[in-house]
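1. The sequence isn't on hand, but the structure is:
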């Protein structure tokens, strides 16, 4: 075996061995803010499955639906819609009125890190879930929507 290959193999084993032996301890005094109870679905649900479980009612103009299970107790979703459908989406989904404030305070793997511009948000708790919604860039089509569904509602 060549020396370079052997060194690479030893480095790979050391890296894998070091990461598989991680012994992260729980936060003293209780769980961290990112630990939530599980959600009532596996993996990342389709748009139709998410509607069924959460009671959200996506408009026909919904496009680019993407979701990622960020943790056992959190699903992050993004999609676009026609700005004309925003108010009916909120109403049909039985969400509280949108406010001019940011309610989601973390980036997601499916979101841009900084949307720029103003954000309108709403949130609610139902059926053991916390649902938070942000509408970004709603003045020109398409409006970008960010959604977090988390356990612990």
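-> Structure's in. What do you need? Source: prediction; values computed, not measured.
2. Residue 86 is in contact with residue 143, isn't it?
-> Yes: at 6.0 Å, residue 86 and residue 143 qualify as touching, with contact defined as CB atoms under 8 Å. Heads up, the C-betas are built off the backbone N, CA and C, glycines and all.
3. These two: who's more crowded?
-> The residue with more neighbours, out of residue 86 and residue 143 and counting by other CB atoms under 10 Å, is residue 143; that gives 21 against 18.
4. ok so, going back, can you work out which residues contact both of residue 86 and residue 143?
-> Contact criterion CB atoms under 8 Å, 6 or more residues apart in numbering; residues shared by residue 86 and residue 143: residue 135.
5. beta partners of the closest residue to residue 102 other than its chain neighbours?
-> The spatial neighbour of residue 102 that comes closest, neighbours along the chain excluded (CB to CB, 6 or more residues apart in numbering), is residue 119 at 5.0 Å. When assigned by DSSP bridges, residue 119 has beta-bridge partners residue 136.
6. Could you report the separation of residue 119 from residue 98?
-> For residue 119, the distance to residue 98 equals 10 Å [CB to CB, to the nearest Å].
7. what residues are shared contacts of those two?
-> Between them, residue 119 and residue 98 share the contacting residues residue 135, judged by CB under 8 Å, 6+ apart.
8. For those two, indicate the residue with more neighbours.
-> residue 119 (20 against 17).
9. all helices for the chain, in order.
-> Along the chain, the segments classed as helices by DSSP state H run 3-20, 47-54, 86-92.
10. and residue 77, how many residues sit next to it?
-> When neighbours are counted by other CB under 10 Å, residue 77 registers 24.
11. Could you number the chain from 15 rather than 1 from now on?
-> Got it, the first residue is 15 from now on, which makes the last one we talked about residue 91.
12. Going by neighbour count, list what's buried in stretch 83-99.
-> Buried residues in stretch 83-99, counted by 16 or more other CB atoms under 10 Å: 83-84, 87-97, 99.
13. Right, I'll call it a day here.
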